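Participant: Structure for this input, please:
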Amino acid sequence: MTTVIFIHGTGVRPPHTEALYARVTASLAEAAPGVRVVPLDWGRRYGARLAAGGASIPYDGAGATERDAQGEEDDETAAWERLYRDPEAELALAAARGPSDEIPPGAAFPDEEIRERLAALAARGEQAAPELGPGLGAVAAALARSPLLTPAAETVGPETLATLLARALAAAVTGAALAEDAPVIPDGATRDAAVDRIARQLGAPAPGTGRGPVGRLLGRPVTRLGTRYAVRRRRALTGAAHPAAGDVLTFLVRGGPLRAALRELVAAVEPPVVLLGHSLGGIIALDTLIEAPLPGVRLLVTVGSQGPFLYETGALPHLDYPEPLPAHVPGWLNIHDRRDLLGFAAAPLFPGRAVDVATDNRQPFPAAHSAYWTDPVVYRAIAERLP
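Facilitator: Alright, predicted model coming up:
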């Protein structure tokens with residue numbers, strides 16, 4: 001009788017383990033009658049935990065007065081978060097409000113002067129605010145042609161418009177740097193000083209902070225969530241996420257006891273043995289097999305696993321790229337779903353040693369990472385290769 005040792009993935013803890021084991025056992029029994037499934041319930045004993053009760057998490061434990069004092073700064077941070085994604089967001093909000101007054105006959109259009117100032121700023125380029133990095137000139141030239149400029153100019157005064165445009169310029173340049181993973185990004189104080197200087201060049205008459213009423217007036221309605229919510233809810237968010245992230249880090253740094261537990265279980269069950277690992281469970285199985293032979297193990301099955309990725313990036317504990325798989329590692333079936341961003345291919349890295357099966361459980365990520373165990377294709381692929 002073949003024994004399948006099932007090794008669950010990250011973040012799985014009771015009572016969810018029982019439901020998962022029941023599902024895998026029943027589905028494997030249907031696809032391959034007579035197979036015995038034995039779980040390695042490692043999460044409870046070897047998984048990550050917040051040993052000090054989360055003392056390392058700088059959550060919002062301040063009183064109401066301090067929270068109120070931080071509110072304006074948090075709102076402004078959230079406004080910049082939105083602007084990095086859409087630099088013209090505040091300009092569009094201003095344009096959408098409609099003109100406040102009709103333009104008198106013969107008067108200059110309110111956007112004419114600001115377009116000229118933008119053109120002059122474009123000519124100066126990044127010299128106008130070198131601390132923001134390259135690209136300021138091109139962004140200024142593009143803003144000078146923006147169709148939003150005319151309706152925005154008809155809605156807000158020239159000083160406010162100058163600040164809006166300064167923020168848009170800073171956001172566009174910084175957002176581009178973020179998208180390109182630039183190693184140096186200006187901090188908030190540096191950014192705000194640049195906004196202040198650009199605003200004056202665009203017609204704002206007096207120094208400000210770059211953080212004044214414009215952000216509160218136009219930014220808050222569309223940026224209620226994001227960074228501010230995450231910071232306020234950091235303890236809850238970290239508490240929910242730490243088992244998954246912590247499990248991976250714990251195994252990579254201190255995986256010896258868990259590998260030893262798997263070896264003991266293999267020695268205690270009836271061969272032939274198949275190791276079936278999901279996500280981190282696949283990494284555990286693969287790395288334990290690489291470390292030393294596991295007598296009786298005839299097949300390795302990894303499902304939605306990051307083992308190949310860790311190998312390619314040099315993070316797999318017992319095999320450095322491009323070293324080949326040791327000869328004692330048995331046949332390897334690697335199953336990954338086309339929409340699972342945490343599932344990786346093994347065959348291109350281990351030709352002739354690993355076989356990939358790509359599935360499609362028709363779930364979006366991250367649901368695709370957990371939907372393998374209701375997909376009949378997964379069980380059929382395993383059953384066809386059981387010893």
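
Participant: Next one: D360 from D375, what distance?
Facilitator: Applying Cβ to Cβ, to the nearest Å, the value for D360 to D375 is 9 Å. All C-beta spots, glycine's among them, are computed from the backbone N, C-alpha and C.

Participant: Sheet partners, orientation included, of the helix or strand hosting V4?
Facilitator: Using DSSP states H and E, V4 sits within strand 3-7. Taking DSSP bridges as the criterion, strand 3-7 forms sheet pairs with strand 36-40 (parallel), strand 273-278 (parallel).

Participant: show me where pLDDT drops low in this protein?
Facilitator: 53-54, 56-57, 59-75, 97-110, 181-184, 206-244 (pLDDT under 70).

Participant: For it, which segments count as strands?
Facilitator: For the chain, the strands defined by DSSP state E occupy 3-7, 36-40, 273-278, 297-303, 331-337, 354-359.

Participant: got the buried residues for the strand holding V4?
Facilitator: 3-7 (16 or more other Cβ atoms under 10 Å).

Participant: I'd like those as CSV, with distance to A345 appended.
Facilitator: Listed next are the buried residues of strand 3-7 as CSV, based on distance: Cβ to Cβ, whole Å:
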residue, distance to A345
T3, 27
V4, 23
I5, 23
F6, 22
I7, 20
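
Participant: Among the residues you listed, which one lies nearest to G255?
Facilitator: Checking the buried residues of strand 3-7 against G255 by Cβ to Cβ gives I7 as the nearest, at 12.4 Å.

Participant: The closest one touches A285, doesn't it?
Facilitator: Yes: between I7 and A285 there is a contact under Cβ atoms under 8 Å: 5.6 Å.

Participant: Need the overlap of contacts for those two.
Facilitator: Shared contacts of I7 and A285 (Cβ atoms under 8 Å, 6 or more residues apart in numbering): 262, 275-277.

Participant: out of the strands of the chain, nearest to A367?
Facilitator: Closest to A367 of those is strand 331-337 (Cβ to Cβ; 10.0 Å).

Participant: Other residues contacting the closest one?
Facilitator: Contacts to strand 331-337, defined as Cβ under 8 Å, 6+ apart, come from residues 282, 286, 298-305, 307-308, 325, 343-347, 350, 353-361, 363, 368-369, 371-372, 375, 378, 381-382, 385.

Participant: give me that answer again for 6 Å
Facilitator: Here strand 331-337 makes contact (Cβ atoms under 6 Å, 6 or more residues apart in numbering) with 299-303, 343, 346, 354-357, 359, 361, 368, 378, 385.
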